[in-house]
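A.B. asks: fold the following.
(4 chains)
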There are 2 protein chains.
Amino acid sequence: MNKSDYLAAFLRKLESITELSAPERQALLDLPVSLKRFEANVDIVSEGEITLQCCLVLEGLVCRYKLVNSGERQIMSLHIPGDVPDLHSLHIEKMDHSLGTLTPALVGFIPHEAVRRMTRSSYKVSEAFWREALIDAAIFREWMVGIGRRSAPSRLAHFLCEFVTKMEAVGLSNGVICELPMTQTEIGDALGLSTVHTNKKLRELRAARLIELRGRRLKVLDWNGLCELGEFDPTYLHLRK
Amino acid sequence: MNKSDYLAAFLRKLESITELSAPERQALLDLPVSLKRFEANVDIVSEGEITLQCCLVLEGLVCRYKLVNSGERQIMSLHIPGDVPDLHSLHIEKMDHSLGTLTPALVGFIPHEAVRRMTRSSYKVSEAFWREALIDAAIFREWMVGIGRRSAPSRLAHFLCEFVTKMEAVGLSNGVICELPMTQTEIGDALGLSTVHTNKKLRELRAARLIELRGRRLKVLDWNGLCELGEFDPTYLHLRK
DNA sequence: CGACATTTTGAGTCAGCTCAATCAGTGTGG
DNA sequence: CCACACTGATTGAGCTGACTCAAAATGTCG
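C.D. replies: Below you'll find the model as predicted:
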């Protein structure tokens, strides 16, 4: 795999939400990227840091999180290959949260400098990135609604629907089966639930024959049932097609 | 009050987060705005609509919300004079949530057309708006942490700290006293709490001499105590100064 | 003075939490 | 191949923060 294969994941992601012209695509492929591997459960960028580069997830699963004083963690978003989870650092230098790995990961770093040069030379690219930030925000809102107003089983169902949909959009799932390399504690941290409760409700989803979940592998047995339970409507993901 | 007085609120808001040059300021003041009044508790834009204009809050309090099937509401953000709560509609046409008034409000509408012309002619303005969207997202994240991982009293305290801070940034509070024209039901909807529980915990904050809250008027008696209880750290608001 | 919206209170219930084991899967070294 | 260590999944037994229901008190405004 060479550099443009890596950037291809990024392109694929961008094109799942926006249309790009050939020169724009080329400009993106020409971005300078330096690669770095991380093991599982380490920070890529920590809260409070000032960054001079954006990071691009190439392999693995990455999350955005914050810790509260009691020591509990809230995971605020998940990032799969193709995502640039800290594009916002381009305009907001100081991180108000951390970015960490959930699995071993391969990450590409692109200097702000280079990204800014590109967004300033093409308003199309600039608007594509802006749009990407807006979709991120839409996902935050949807999670907020879930945490604030949905029951644990519904939240769980919604979470799984969203994950499969996002994985499918970048070709990492067929819509039925995908890798879900998170522990139940981590899933709970994303949904504002305790580990024990997450376990019990996950068990119920299996008992209801909505899903199969063994080890890191998720299989959706009843997509409609899962969507209904989670009140999942993918509009907020604003995917093309 | 004439048109540029209205746009001045918007400018003030933008300048609380970004620096603008004189020509940029002028271009913003030249934007075409049409005014409309709304009574309390009505939608300005509803979920599912496709919009061709951005709305600018000039007077009153506006919120972004979503309803879930059980009929419960989650308020996802509050918008005070100077805010453009649906700037995102510029790049995401279909609303995935509603925008409604909490009080009678005066709203200005600016055609997407005009905004887009301006953002495309000045990358500074474009980046200012982008930055604004990123700050919105940061606030969503912070609310998510609160709803997911903080106790009711802590959430309440955090909410009040944030509200006063935002009001102060646009000159609508002196940091101690401000209008908070929301019912306890609405505050609960913003925090993912029931009305009754909101009432009881608010009462506790008063009993602890942290705040005074009568009618629509909030007075902070013990700012440090309130911040501590709410674990309030304003970094995520990314205000200048 | 109504009529209506909002706040407050009390009582009882329950979803989700904590604590404390136990079980299962995986990897390691001998 | 087995014993041990470690991580993650599961279970059971309370506990409690937050919820619902219902009613009373208070405020607001034409």
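
A.B. asks: give me the pLDDT value at the one residue sitting closest to the centre of chain A.
C.D. replies: Ranked by distance to the mean C-alpha position of chain A (Cα atoms, centre = their mean), the top residue is residue A:79 at 2.5 Å. Note for residue A:79: predicted pLDDT of 97.

A.B. asks: over to it: give its phi and psi.
C.D. replies: Backbone geometry at residue A:79, expressed as degrees, to the nearest 10, gives phi -130, psi 130.

A.B. asks: which elements pack onto the lengthiest helix in chain A?
C.D. replies: The helix spanning the most residues in chain A, taking DSSP state H as the definition, is helix A:123-149. With contacts defined as 3 or more Cβ pairs under 8 Å, 6 or more residues apart in numbering or on different chains; DSSP states H and E, helix A:123-149 has these neighbours: helix A:22-29, strand A:73-79, helix A:112-121, helix A:152-169, helix A:184-191, strand B:62-67, strand B:73-79, helix B:123-149. Quick note: C-beta positions are derived from backbone N, CA and C, even for glycine.

A.B. asks: show me what the fourth one packs onto, helices and strands only.
C.D. replies: So the one you mean is helix A:152-169. Using 3+ Cβ pairs under 8 Å, 6+ apart, helix A:152-169 is in contact with helix A:123-149, strand A:177-179, helix A:184-191, helix A:195-207, strand A:217-220, helix A:223-230.

A.B. asks: same list, these, but as JSON lines with mean neighbour count and mean pLDDT please.
C.D. replies: JSON lines is the format used below for the helices and strands packed on helix A:152-169 (neighbours: other Cβ atoms under 10 Å in any protein chain shown; pLDDT from 0 to 100):
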{"stretch": "helix A:123-149", "mean neighbour count": "23", "mean pLDDT": "94"}
{"stretch": "strand A:177-179", "mean neighbour count": "17", "mean pLDDT": "94"}
{"stretch": "helix A:184-191", "mean neighbour count": "22", "mean pLDDT": "98"}
{"stretch": "helix A:195-207", "mean neighbour count": "15", "mean pLDDT": "97"}
{"stretch": "strand A:217-220", "mean neighbour count": "17", "mean pLDDT": "96"}
{"stretch": "helix A:223-230", "mean neighbour count": "17", "mean pLDDT": "97"}
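
A.B. asks: can you redo those as a markdown table with distance to residue B:9?
C.D. replies: Rendered in a markdown table, the data for the helices and strands packed on helix A:152-169 read as follows (distance: least, Cβ to Cβ, whole Å):
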| stretch | distance to residue B:9 |
| --- | --- |
| helix A:123-149 | 23 |
| strand A:177-179 | 47 |
| helix A:184-191 | 37 |
| helix A:195-207 | 45 |
| strand A:217-220 | 48 |
| helix A:223-230 | 40 |
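
A.B. asks: dump these to a markdown table, plus distance to DNA strand C.
C.D. replies: Output for the helices and strands packed on helix A:152-169, formatted as a markdown table (distance: least, Cβ to the nearest atom of the strand, whole Å):
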| stretch | distance to DNA strand C |
| --- | --- |
| helix A:123-149 | 10 |
| strand A:177-179 | 14 |
| helix A:184-191 | 7 |
| helix A:195-207 | 3 |
| strand A:217-220 | 11 |
| helix A:223-230 | 12 |
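
A.B. asks: quick check: beta-bridge partners of the residue nearest to the centre of chain A?
C.D. replies: According to DSSP bridges, residue A:62 are recorded as the beta-bridge partners of residue A:79.

A.B. asks: who's in contact with it?
C.D. replies: Neighbouring residues of residue A:79 by Cβ atoms under 8 Å, 6 or more residues apart in numbering or on different chains: A:57, A:61-64, A:85.

A.B. asks: for PyMOL, write the select line for the buried members of those residues.
C.D. replies: Once 16 or more other Cβ atoms under 10 Å in any protein chain shown is used to decide burial, the buried members of those can be selected in PyMOL as follows:
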select buried, chain A and resi 57+61+62+63+64+85
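
A.B. asks: how about the residues of chain A near DNA strand C?
C.D. replies: Residues of chain A lying close to DNA strand C by Cβ under 7 Å from any atom of the strand are A:151-153, A:192-194, A:196-198, A:201, A:215.

A.B. asks: restricting to the residues you listed, which residues neighbour DNA strand D?
C.D. replies: residue A:196.

A.B. asks: among the residues of chain A next to DNA strand C, which one lies nearest to residue A:33?
C.D. replies: residue A:215 (32.0 Å; Cβ to Cβ).

A.B. asks: tell me the domain ranges of chain A?
C.D. replies: Following automatic domain parsing, chain A resolves into domains at A:3-133, A:150-237.

A.B. asks: so how far is residue A:34 from residue A:110?
C.D. replies: Computed with Cβ to Cβ, to the nearest Å, the distance linking residue A:110 and residue A:34 is 8 Å.

A.B. asks: between the two, point out the one with more neighbours.
C.D. replies: With other Cβ atoms under 10 Å in any protein chain shown as the criterion, residue A:110 and residue A:34 differ in neighbour count, and residue A:110 comes out ahead with 21 against 11.

A.B. asks: so that one sits right up against residue A:31, yeah?
C.D. replies: Yes. The criterion here is Cβ atoms under 8 Å, and residue A:110 meets it with residue A:31 at 5.3 Å.

A.B. asks: ok, how many other residues are close to the residue lying closest to residue A:50 once chain neighbours are set aside?
C.D. replies: Taking Cβ to Cβ, 6 or more residues apart in numbering or on different chains, and ignoring the residues beside it in sequence, residue A:50 has residue A:93 as its nearest neighbour in space, at 4.9 Å. For residue A:93, the tally of surrounding residues (other Cβ under 10 Å) stands at 13.
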